[in-house]
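Visitor: The following block contains a protein sequence and its predicted model.
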Amino acid sequence: MKPGSADSRSMTSKDYKKAELQSTRRREADDIVDRYIKRDIRGLLDLAIPDDEDARKAAGTLATSISVLVEKLLSGGNRKPNYSNRSSSNNNRGSRGAAARRGGSGSRSTMAGKQNVSKPNNDTTSIISDWVTEQQNAPSTKGKPVKAPSRNSVAALNKSFDKFRQWVNSKNSTNESTLYEPISQFFCFVASCLKAVHTLSQPVCPKRLVVPFCKPNRKSADGDDNSRVDLYLNLPQFDDYTIGTLITNPPEEENEAPMLAGTFAIVEVKSAIQGIGKAMPQLFQYTRGIYNEQYDRRFAWGMAVGGKKVQAVFFGPDYALASDTICVDNTSGRAKLVKLLVDWSFCESHRLGYDPAITYNKRLRYYEINVGSEDGPITYYSKSAVI
């Protein structure tokens with residue numbers, strides 16, 4: 001921006017400070033990535049597997065079922081997916097802790113070959129409706145009365161599928177913004193599938209869902225610089241979620257911008273030509289904002305996307321681990337991404353990076369910190385920060 005221009009004159013000193021801080025962080029980001037990240041960590045996604053055995057089994061079963069639905073929809077209902085290379089992570093829980101400590105070994109899922117994905121036909125609605133009915137009548141419902149899936153629910157799932165299919169079929173475009181909605185709708189589709197087949201009366205139910213904020217490429221309302229984050233992942237409560245919707249702020253919130261204080265993870269998107277490597281520095285920079293605003297985080301998750309390739313990133317206190325590459329243009333890659341989203345929905349909060357000893361009272365806006373002592377647990381209260 002040239003000094004003396006109209007835009008320059010309209011900026012306040014606070015705006016200048018934010019812009020300067022953003023510029024400084026951008027320059028630091030490349031060096032930070034090179035120093036702190038370990039790439040292609042096998043078994044990293046196993047860190048999200050639930051501890052509870054029933055939740056682990058339910059998540060594994062549903063992830064497989066949703067993946068089968070995705071493949072059936074993509075093939076127009078004419079082809080069964082090949083899962084011969086599916087990861088054995090359901091039965092290999094011990095590898096996840098070791099993967100984090102060693103920065104290495106764990107279970108591995110081999111990528112299948114690329115597939116030519118057909119456009120959806122008129123049968124997609126019936127495929128979705130039949131799948132929802134089948135899942136609702138599964139043994140886990142324990143004979144409870146099952147209602148036929150509503151037309152609105154099926155239509156919402158069909159709409160999400162039609163959008164995320166564009167990500168699977170995307171070309172090597174130089175415009176990353178064309179990927180924002182299809183990627184958002186992939187998350188929305190998985191969350192909506194979980195919502196469509198579960199009720200709170202069932203013995204094992206997702207604790208939450210993973211859904212992006214409705215407006216991509218936005219500045220946060222509580223950030224300290226002018227950075228625009230591509231996708232903010234939120235964790236709506238299961239019973240509060242409406243099938244087929246992205247996250248919006250509550251009606252009482254005057255500001256329509258997303259909040260880092262309520263963000264679970266950041267997704268940074270680049271085009272296929274730019275690649276995942278270009279996304280990593282910004283992902284590091286933006287995840288720092290989550291740590292700044294959330295005092296109850298032990299670690300954070302994130303995602304870097306380059307076209308149809310994805311890497312999940314685990315941000316520890318002084319290191320970062322990136323998963324092996326997930327390719328959404330093949331069956332195995334899509335199954336791995338679905339499995340991660342379902343595990344995030346079922347797992348305990350400490351698997352997401354939240355400290356169970358610290359809770360936030362949203363109504364009164366203060367933190368409760370439980371600390372052990374010789375005389376028993378002591379609770380401290382803080383309105384500003386947790387040190």
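Guide: That came through, no problem.

Visitor: what are the bridge partners for Lys378, then?
Guide: Quick fix: residue 378 is Ile, not Lys. Going by DSSP bridges, Ile378 is paired in beta bridges with Val371.

Visitor: Give me the pLDDT value at it.
Guide: Ile378 is assigned a predicted lDDT (pLDDT) of 87.

Visitor: isn't it right up against Glu368?
Guide: No. Applying Cβ atoms under 8 Å as the test, Ile378 and Glu368 come out as separate, 11.0 Å apart. In this view, the C-beta of every residue, glycine as well, is placed from N, C-alpha and C.

Visitor: out of those two, which sits in the more crowded spot?
Guide: Taking neighbours as other Cβ atoms under 10 Å, Ile378 and Glu368 compare with Glu368 leading, 15 against 10.

Visitor: Tell me which helix or strand the more buried one sits in.
Guide: If you go by DSSP states H and E, Glu368 is part of strand 366-371.

Visitor: Export that strand to CSV, keeping only CA atoms.
Guide: Extracted as CSV, the C-alpha positions of strand 366-371 are listed here (Å, rounded to 0.1, in the frame of the first residue of the first chain):
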residue,chain,number,x,y,z
TYR,A,366,-14.8,-17.5,33.5
TYR,A,367,-12.4,-20.5,33.7
GLU,A,368,-12.5,-23.1,36.5
ILE,A,369,-9.1,-24.7,37.2
ASN,A,370,-9.0,-27.8,39.3
VAL,A,371,-5.6,-28.5,40.9
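
Visitor: For that strand, list every residue counted as buried.
Guide: For strand 366-371, a neighbour-count test (16 or more other Cβ atoms under 10 Å) marks Tyr367, Ile369 as buried.

Visitor: Who are the packing partners of that strand?
Guide: If you count contacts as 3 or more Cβ pairs under 8 Å, 6 or more residues apart in numbering; DSSP states H and E, strand 366-371 packs onto strand 358-361, strand 378-382.

Visitor: outside of the last one, which residues touch it?
Guide: Strand 378-382 is contacted from outside by Tyr295, Tyr366, Tyr367, Glu368, Ile369, Asn370, Val371, Gly372, using Cβ atoms under 8 Å, 6 or more residues apart in numbering.

Visitor: Show me what counts as buried in it.
Guide: Buried residues in strand 378-382 (16+ other Cβ under 10 Å): none.

Visitor: Spell out, range by range, the strands that occur in this protein.
Guide: Counting by DSSP state E, the chain has these strands, from start to end: 37-41, 211-212, 218-219, 228-229, 231-234, 265-270, 300-306, 309-315, 320-323, 326-327, 358-361, 366-371, 378-382.

Visitor: isn't Lys339 right up against Ala63?
Guide: Yes. The criterion here is Cβ under 8 Å, and Lys339 meets it with Ala63 at 4.2 Å.

Visitor: joint contacts of those two?
Guide: When contacts are counted by Cβ under 8 Å, 6+ apart, Lys339 and Ala63 have no shared neighbour.

Visitor: I'd like the helices and strands packed on strand 366-371 laid out as a markdown table, including distance to Gln136.
Guide: Below are the helices and strands packed on strand 366-371 laid out as a markdown table (distance: least, Cβ to Cβ, whole Å):
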| stretch | distance to Gln136 |
| --- | --- |
| strand 358-361 | 34 |
| strand 378-382 | 42 |
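
Visitor: Centre of the chain to stretch 271-284, how far?
Guide: 17 Å (Cα atoms, centre = their mean, to the nearest Å).

Visitor: just to revisit the earlier point, would you mind putting the contacts of strand 378-382 into TSV with distance to Ser67 and pLDDT alongside?
Guide: Output for the contacts of strand 378-382, formatted as TSV (distance: Cβ to Cβ, whole Å; pLDDT from 0 to 100):
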residue	distance to Ser67	pLDDT
Tyr295	36	86
Tyr366	42	82
Tyr367	38	82
Glu368	39	87
Ile369	40	88
Asn370	39	87
Val371	43	85
Gly372	42	79
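
Visitor: Out of those residues, give me the two with the largest separation.
Guide: Greatest spatial distance among the contacts of strand 378-382 (Cβ to Cβ): Tyr366 and Gly372, at 20.5 Å.

Visitor: For Tyr241, what are phi and psi?
Guide: Per-residue torsions, Tyr241: phi -90, psi 140 (degrees, to the nearest 10).

Visitor: Please look at it and Lys195 and confirm they touch.
Guide: Yes. Tyr241 is within contact range of Lys195, at 5.5 Å (criterion: Cβ under 8 Å).

Visitor: Compare those two (neighbour count), which wins?
Guide: Neighbours per residue (other Cβ under 10 Å) separate Tyr241 from Lys195, with Lys195 holding more: 24 against 20.

Visitor: Val210 is in contact with the more buried one, correct?
Guide: No. If you go by Cβ under 8 Å, Lys195 and Val210 don't touch, sitting 11.7 Å apart.

Visitor: Look at the nearest residue to Arg365 once chain neighbours are set aside and say how many residues are nearby.
Guide: Spatial nearest neighbour of Arg365, excluding adjacent residues (Cβ to Cβ, 6 or more residues apart in numbering): Lys383 at 6.9 Å. Lys383 is flanked by 9 other residues according to other Cβ under 10 Å.

Visitor: ok, now Glu256?
Guide: Neighbour tally, Glu256, other Cβ under 10 Å: 12.

Visitor: repeat for Asp324
Guide: Neighbour number of Asp324 under other Cβ under 10 Å is 18.

Visitor: pretty sure it contacts Lys38?
Guide: No. Using Cβ under 8 Å as the test, Asp324 is too far from Lys38 to be in contact (11.6 Å).

Visitor: quick revisit: okay if I get the contacts of strand 378-382 as TSV plus distance to Arg288?
Guide: Formatted as TSV, the contacts of strand 378-382 follow (distance: Cβ to Cβ, whole Å):
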residue	distance to Arg288
Tyr295	14
Tyr366	24
Tyr367	20
Glu368	25
Ile369	22
Asn370	26
Val371	26
Gly372	29
